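1. Here is the input, now give the coordinates:
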Amino acid sequence: MKKKGYILLSVICAVVLIATGIILGVVMKKQSNKKTYTASIKTAEKYLEAGDYTQAVVAYKTAIEKMPEKETGYVGLANTYLEQGDTSSAKIILKKGYLVTNSSKIQYMLNGIEDGSLLVNNLKETPKKETLQKSGELSFNQNFFQKLESFTYQDYEREYGGLPEIVKVKNGEVEVVHKNLSATCFYANTSEHGDVVDTKTDTPDKTGMPEKIVVDDISLLFKNFTGEITIDELQNICGSKVDIVNKKERSYVEFESGSALIRIESDENGTISSSTAWNEIILTNANKNRTAKKSVFSGIVLNAMTSEGVEAANISLEAQGDSSHSANIKTEMDGSFSIELEADTYNITISAEDYEEETFEFTIEENSNYSGEQFTISPSLASGSARIVLNGEIIRKIWILT
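-> Below is the predicted model:
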């Protein structure tokens, strides 16, 4: 009887010791996490003040990892992104933070970014993400729109970098920011397409397409955007009518480009006056052709001397593997083209009146789309002229007197 009592007492003591050890371990881990969190926040603030955004991001992420329930790490990281002009990443981290902390400060900051009341375009260095600013006539960035209309999640990862920031909005709905694209992509399951988002991993399916995109800077949508676009200028480059919509929360212009419905904040007269204006691009045909076996191949043919699109250029695509995959297409008025192709390697010959014929090789891989591809062709030289070429690029013409 005494032996049984001794065994029972030993078991109880062992349980107490184990429980005490676990409690002490948890307490020590919390203390360690708190210490690391505090140190990381201080380090991040120093880096941010010094303008070392890369190290500031690392330190703030460490702080969030150690104490995800604290709001300071999320706010600091968002501010770091904003200092770089990276609005999309700032919004994503704030949304993640709000889901964990339910912080009113985070919600206030997020609202300020989305309604434009918070200054978000404080660029102190040239952003590395895709943007577009050139001198010349205003026009649509057809390369970018071609990507929007055909790219899947897999295409965006290939083009703009893998390991994107993803936040779950609700079951079957996520927002995604890719490393090298200044925009937020919205993916969602619908009654027609219930497999766009994998609800087990909360990530888009590789063939899923975003049905809405919001860009950080509307210069992505236009070539030669100078900071302001009037309704007349916009109507001049649109193939469809531009409508002015005046609502209580904002006024905006609404127009179409291909299958994309575009809305950009404006004044009551339809003038867009900010590169960071509220916007949304609704991709009306997204996910409708996901089961197609062919790949979308689209891009633009440019004049090598002027960088302008070449109209009615003939594009011959000769398949090296299976001749039945070969095809021909002509460019549109702006030099753009789009065609569906089977997976193969193609010899591409481009010709146009008053231009030199050019040949390229391009490989189409299975289950991949290719948009925004650029091909340049050179104008034919007049009699008695020569062209100097350096590293494959035309530098200038030298006229030879005869």
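
2. Mind jotting down where the strands sit in the stretch 51-200 of the chain?
-> In order along the chain, the stretch 51-200 of the chain carries the following strands (DSSP state E, counting those that start in this stretch): 139-140, 165-170, 173-177, 183-188, 197-198.

3. As CSV, those with distance to residue 273 and mean pLDDT would be great.
-> C-beta: built from backbone N, CA, C; applies to glycine. Shown next, in CSV, are the strands of the stretch 51-200 of the chain (distance: least, Cβ to Cβ, whole Å; pLDDT from 0 to 100):
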stretch, distance to residue 273, mean pLDDT
strand 139-140, 19, 89
strand 165-170, 30, 91
strand 173-177, 26, 95
strand 183-188, 21, 95
strand 197-198, 36, 95
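
4. quick one: pLDDT of the residue nearest to residue 225 when sequence neighbours are not counted?
-> Once flanking residues are discounted, residue 225 sits nearest to residue 219: 4.3 Å by Cβ to Cβ, 6 or more residues apart in numbering. In the predicted model, residue 219 carries a pLDDT score of 92.

5. Verify the stated contact: residue 219 with residue 275.
-> Yes: in this structure, residue 219 sits in contact with residue 275. The criterion is Cβ atoms under 8 Å, and the distance is 5.5 Å.

6. what sits in contact with each of those two?
-> Taking Cβ atoms under 8 Å, 6 or more residues apart in numbering as the contact rule, residue 219 and residue 275 both touch residue 225.

7. could you dump the strands of the stretch 51-200 of the chain to JSON lines with mean neighbour count?
-> What follows is these, written out as JSON lines (neighbours: other Cβ atoms under 10 Å):
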{"stretch": "strand 139-140", "mean neighbour count": "17"}
{"stretch": "strand 165-170", "mean neighbour count": "16"}
{"stretch": "strand 173-177", "mean neighbour count": "23"}
{"stretch": "strand 183-188", "mean neighbour count": "23"}
{"stretch": "strand 197-198", "mean neighbour count": "21"}
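
8. which one of those lies closest to residue 317?
-> Across the strands of the stretch 51-200 of the chain, residue 317 has its closest neighbour in strand 139-140 (24.8 Å, Cβ to Cβ).

9. Packing partners of that closest one?
-> In this structure, strand 139-140 makes packing contacts with strand 222-223, judged by 3 or more Cβ pairs under 8 Å, 6 or more residues apart in numbering; DSSP states H and E.

10. I'd like the average pLDDT over the strand it packs on.
-> Mean pLDDT, computed over strand 222-223, is 90.

11. List the neighbouring strands of it plus their orientation.
-> Taking DSSP bridges as the criterion, strand 222-223 sits next to strand 139-140 (antiparallel) in its sheet.

12. quick one: low-confidence parts of the protein?
-> Residues of the chain meeting the criterion pLDDT under 70: 1-11, 13-17, 19-32, 117-136, 289-293, 382-402.

13. now the helices: where do they sit in it?
-> Listed in chain order, the helices of the chain (DSSP state H) span 2-50, 53-66, 71-83, 87-101, 104-115, 142-150, 153-160, 231-237.

14. So for the fourth one, what gets flagged as buried?
-> In other words, helix 87-101. Within helix 87-101, the residues that count as buried by 16 or more other Cβ atoms under 10 Å are 87-98, 101.

15. do the same with the fifth one
-> Neighbour-count burial for helix 104-115, with 16+ other Cβ under 10 Å as criterion, is recorded at 106, 109-110, 113.

16. Which single one of the residues you listed is nearest to residue 172?
-> residue 110 (21.8 Å).

17. ok, now how distant is the closest one from residue 315?
-> Residue 110 sits 46 Å away from residue 315, going by Cβ to Cβ, to the nearest Å.

18. Out of the strands of the stretch 51-200 of the chain, the one nearest residue 236 is which?
-> Distances from residue 236 to each of the strands of the stretch 51-200 of the chain were compared by Cβ to Cβ, and the smallest falls on strand 139-140, at 9.6 Å.

19. Now find how far off-centre the closest one is within its chain.
-> 19 Å (Cα atoms, centre = their mean, to the nearest Å).

20. can you list the helices of the chain in CSV and add distance to residue 342?
-> Supplementary listing: the helices of the chain in CSV, determined by distance: least, Cβ to Cβ, whole Å:
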stretch, distance to residue 342
helix 2-50, 50
helix 53-66, 43
helix 71-83, 41
helix 87-101, 35
helix 104-115, 43
helix 142-150, 16
helix 153-160, 17
helix 231-237, 34
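
21. and of these, who's closest to residue 368?
-> Residue 368 lies closest, by Cβ to Cβ, to one member of the helices of the chain: helix 153-160, at 6.6 Å.

22. Show me which residues of that closest one are buried.
-> Applying a neighbour-count criterion of 16+ other Cβ under 10 Å, the buried positions in helix 153-160 are 153-157, 159-160.

23. cool, and stretch 346-361?
-> By neighbour count on 16+ other Cβ under 10 Å, the buried set for stretch 346-361 is 346, 348, 350, 352, 355, 358.

24. Identify the farthest-apart pair in the residues you listed.
-> Set against one another by Cβ to Cβ, the buried residues of stretch 346-361 have their most distant pair in 346 and 355, with a gap of 19.9 Å.

25. all strands of the stretch 301-402 of the chain, in order?
-> For the stretch 301-402 of the chain, applying DSSP E, counting those that start in this stretch gives strands covering 314-319, 327-330, 336-341, 344-351, 358-364, 370-377, 385-390, 393-399.

26. just so I know, which of those strands lies nearest residue 308?
-> strand 370-377 (10.7 Å).

27. So in terms of bridging, what pairs with residue 376?
-> Beta-bridge partners of residue 376, counted by DSSP bridges, are residue 302.

28. which residues sit in contact with it?
-> Taking Cβ under 8 Å, 6+ apart, we find residue 376 in contact with 301-304, 358.

29. is it possible to export these to TSV including distance to residue 373?
-> What follows is the contacts of residue 376, written out as TSV (distance: Cβ to Cβ, whole Å):
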residue	distance to residue 373
301	10
302	11
303	16
304	15
358	14
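
30. Now rank the residues you listed by neighbours and give me the top one.
-> Highest neighbour count within the contacts of residue 376, by other Cβ atoms under 10 Å: residue 301, with 27 neighbours.

31. gap between that residue and residue 345?
-> When distance is defined by Cβ to Cβ, residue 301 is 20 Å away from residue 345.

32. Check residue 47 too.
-> Applying Cβ to Cβ to residue 47 and residue 345 gives a distance of 47 Å.
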